[in-house]
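Novice: quick one, structure for this:
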Amino acid sequence: MADKKKFKTFEGVFTPSILTILGVIMYMRLGWVVGNAGLIGAIIIILIAHVIAVTTGLSVSSVASDKKIGAGGIYYVLSRSMGVPIGGSIGIALSVGTAFSISLYLIGFAESFNSFFGFGTTINDFRLTASIALASLTCLALISTSVALKTQFLILAAIVISLIAIFFGTSDFVPETIQLFSDEDSVSLEVVFAVFFPAVTGFTAGIAMSGDLKNPKKSIPFGTLSAIGVGLLIYLALAVFIAISVNPEVLKSDYNFLMKIALYAPAVVAGIWGATLSSALGGILGGPRILQAMSVDKVTPKIFAKIRGKNDEPINALFMVFIIAELGILIGELDVIARVVSMFYLTAYAFINISYFLESWANPDFQPTFKIKRWIGLLGFIACFVVMFKLDTIAMIAAFAVVAALYYRLQRKEVKLQSNDVWRSVWENVVNKGLKRIDAQDDENSNWNPNIILFSGASKHQEYLLELCKTISGRTGIVTNFKLILDKENTKPLKKTEQVIKDQVFTDLGIFARQVQVDNIYTGITNIATSFGFSGVEPNTIMMGWPKGLEHSIEYAKMTETLLYLDYNLLYLDFDRKKKFGTYHTVDFWWRETDSKNAEMMLNIARFIIASPRWNNPQIRVLFVNNNNVKIDVIHSKITEIVDDLRVNVVIDIINNAVEQEAFYNLIKRYSKTTDLTVIGIPNYQIEKQAEFVLKTNDLFETIGSTLLVKAANNFNVLDLDFNKNT
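Specialist: From the prediction side, this is the model:
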């Protein structure tokens, strides 16, 4: 809206952030941290926490200076960079964490307020006081965001005065020696860190106001980092002052000792109340705006998108945050709430940092005006992960499980925005670098990694050809299916968008699918085989159905010659439409002396068939025709050696044919009549004998089931199958 009130850096980012940073933990638990961890331990905890805060602040500031930042703060940043499923799942976790942080601040306020006035100090007393405070602050937020933010200037002044009163005060609890490290009676450092960490999460209060800022790209980096820096200096100075002024035993047991050592106790009281209430107010202002932004993007129910007044107050989202905060208040124990809040924020911060790292590494359009080193985001992510692991492994697993469940739900909802997320850029970058590495390597004598061009037309049996092709390509192989549309005129090709086929069958099998118009099927195949592909993953195999009825086709003969000249592996499937692939259990590989290269290719195919879940523990036979009366044990030993080198588990069957000299195809008819899939090598191609070969092969196919003919390219090794010379 044109008349909507917009805020500058100081009032919109720095003030709500620094007031949340200098909040309940500083006044009510920093002494407890120093008492349990010692001065050096406390400084280490403060620094580690600020490593996470600084890296996250830098990361989010950099992303904010690149993208248009709308309402929703961190949710907006994540959803526009990593996509709605991740942005939404973290946004939900962050909005809940923000609501619980309100509970944290108000329980801290209740502890101080009740103690000061001599009210009850039981958990129920704290719950009552905190609930009244929550209702009062919610009413203030409903009146006006502007009024709420203006009250923070008074609170900031009160905090400054309270700090002056603390540093200029005197103590009756001065220790004889300064405790530098924790002792045997101290709480573990993991628990101490978990309680302290919410102190440094305050900078998100300013980022959450992104939709209400005049210039978020400038205000967020400057205001956020200024608040973090000022907070770090104050925490370090106050930790040193506390350690040299107060006995550790007092620090561990008395949460209100600051009032006892201050120059003017009421100033400290005002600071505590102001800090806790302002921190809670920051959460009440920021949390609903995250929820509202998610509802606008249809991540959360639409009811939370409702706004009211000229400043677009998210009224329904505010009531939802109120309910969650009240549930947190019912927990009643500040330390427990602090640990819950820590895990929520650490999870969110981890994803913010990795979001920046991926953006800067992969996205070519990422051009922030606020530039930082890429490794900062990675450091922040690692720090969050390590800290979560050390704090509470089970809670970490639970947090990631919740985020994963939310991610899965949002992905299934297919919520999408009119903006690109970083994952496309990540995968493009990975593919680009991977292709360069592959292209730089010498592929001589490397394992066969199939990259298959498949030609299959639409038919009710097409899925079986696709299925076998995907089986033969293995887990990492690439299959691209081409549908050739015959158009004799062929005046205009299909548009690039029209060439892509989106079909569930191809998607389920992981096969890329294209369609192209051609004026001649055979020249179309030749042209695709000649030009398709790119460096690093050049196609190396052509697969298609067996060409029945083309024994006298000159065009087909020329196409075959060209494919062989281009040095493609050739695979032709004759599919038995009645038997199909039977029970997917038996496979026969037929070898003869002339199958020197084909044999190795067949064994590679065997490896992929064995690994395929569709072929359930298949029984694979290698059948070798012994035409030269070579000793069976010699042949068996040699083939076993070859098979073992390629790590393929097969049964070797030697067929003696020296006396009978029975035709090769006749033996196949007899031994493989009931086999589910028979694989045969194609002999060296001779164009003048094409018709004879096709006719004989057609006759063979009438007797046996589905058959795959293979012709290996020159990259396969020559296996010595001429055993006659070895005897």
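
Novice: how's the protein carved up into domains?
Specialist: Dividing the chain into domains by automatic domain parsing, as the record does, gives the ranges 9-423, 451-726.

Novice: which of the ones you listed sits most buried?
Specialist: The highest mean neighbour count among those, using mean count of other CB atoms under 10 Å, belongs to domain 9-423: a mean of 21. For glycine as for every other residue, the C-beta is placed from the backbone atoms N, C-alpha and C.

Novice: starting at the chain centroid, how far to that one?
Specialist: Once both centres are worked out by CA atoms, centre = their mean, to the nearest Å, domain 9-423 turns out to sit 26 Å from its chain's centre.

Novice: and residue 298, which of the three is it?
Specialist: Following DSSP: H, G, I helix; E, B strand; the rest coil, we place residue 298 in the coil state.

Novice: check for me that residue 572 belongs to a strand.
Specialist: Yes. Under three-state DSSP, residue 572 falls within a strand.

Novice: that one reaches residue 548, doesn't it?
Specialist: No. Under the criterion of CB atoms under 8 Å, residue 572 makes no contact with residue 548, lying 10.4 Å away.

Novice: how about the domains of the chain in JSON lines, adding mean pLDDT?
Specialist: Putting the domains of the chain into JSON lines (pLDDT from 0 to 100) gives the following:
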{"stretch": "domain 9-423", "mean pLDDT": "83"}
{"stretch": "domain 451-726", "mean pLDDT": "83"}
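
Novice: can you give me the strands for the protein?
Specialist: Assigned by DSSP state E, the chain shows strands spanning 451-455, 478-486, 512-518, 541-545, 569-574, 586-591, 619-626, 651-656, 677-681, 707-711.

Novice: can you redo those strands as CSV with distance to residue 292?
Specialist: Rendered in CSV, the data for these read as follows (distance: least, CB to CB, whole Å):
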stretch, distance to residue 292
strand 451-455, 49
strand 478-486, 45
strand 512-518, 41
strand 541-545, 54
strand 569-574, 57
strand 586-591, 60
strand 619-626, 62
strand 651-656, 67
strand 677-681, 59
strand 707-711, 60
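
Novice: so which of these is nearest residue 281?
Specialist: Each of the strands of the chain has some distance to residue 281 by CB to CB; the shortest is strand 512-518, at 54.6 Å.

Novice: list of residues touching that closest one?
Specialist: With CB atoms under 8 Å, 6 or more residues apart in numbering as the test, strand 512-518 has contacts from 478-487, 490, 493-494, 498-503, 506, 524, 527-528.

Novice: now with 7 Å, please.
Specialist: Applying CB atoms under 7 Å, 6 or more residues apart in numbering, the external contacts of strand 512-518 come out as 479-487, 490, 493-494, 499-501, 503, 506, 524.

Novice: with just CA atoms, put it into CSV.
Specialist: As requested, the backbone C-alpha atoms of strand 512-518 are provided in CSV (Å, rounded to 0.1, in the frame of the first residue of the first chain):
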residue,chain,number,x,y,z
PHE,A,512,15.2,-39.1,-21.4
ALA,A,513,12.8,-38.9,-24.3
ARG,A,514,12.8,-36.8,-27.5
GLN,A,515,10.9,-36.7,-30.7
VAL,A,516,12.1,-35.3,-34.0
GLN,A,517,10.7,-35.0,-37.5
VAL,A,518,12.6,-36.7,-40.3
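
Novice: between that strand and strand 478-486, how many degrees?
Specialist: Calculated by axes from the mean of the first three to the mean of the last three CA atoms, to 10 degrees, strand 512-518 forms an angle of 30 degrees with strand 478-486.

Novice: now strand 512-518: how far from the chain's centre is it?
Specialist: Between the mean C-alpha point of strand 512-518 and the mean C-alpha point of its chain there is a distance of 32 Å (CA atoms, centre = their mean).

Novice: please apply the same query to stretch 549-566.
Specialist: On CA atoms, centre = their mean, the centre of stretch 549-566 falls 47 Å from that of its chain.

Novice: tell me how far residue 34 lies from residue 293.
Specialist: In this view, residue 34 and residue 293 are 39 Å apart by CB to CB, to the nearest Å.

Novice: can you map out the helices along the stretch 151-300 of the chain?
Specialist: With helices called from DSSP state H, counting those that start in this stretch, the stretch 151-300 of the chain shows them at 189-196, 204-207, 216-245, 248-253, 257-261, 265-296.

Novice: which helices and strands does the fourth one pack with?
Specialist: Counting contacts by 3 or more CB pairs under 7 Å, 6 or more residues apart in numbering; DSSP states H and E, helix 248-253 packs against helix 30-64.

Novice: okay, the angle between the helix it packs on and helix 189-196?
Specialist: Going by the same axes, to 10 degrees, helix 30-64 makes 70 degrees with helix 189-196.

Novice: tell me the angle helix 30-64 makes with helix 216-245.
Specialist: Following the same axes, to 10 degrees, one obtains 160 degrees for the angle between helix 30-64 and helix 216-245.

Novice: of the strands of the chain, which approaches residue 301 most closely?
Specialist: strand 512-518 (38.1 Å).

Novice: so how far is residue 702 from residue 582?
Specialist: Distance of residue 582 to residue 702, given as CB to CB: 17 Å.

Novice: now swap in residue 400 and tell me
Specialist: Taken as CB to CB, the spacing of residue 400 relative to residue 702 amounts to 59 Å.

Novice: and if you look at residue 336?
Specialist: On the measure of CB to CB, residue 336 and residue 702 end up 78 Å apart.
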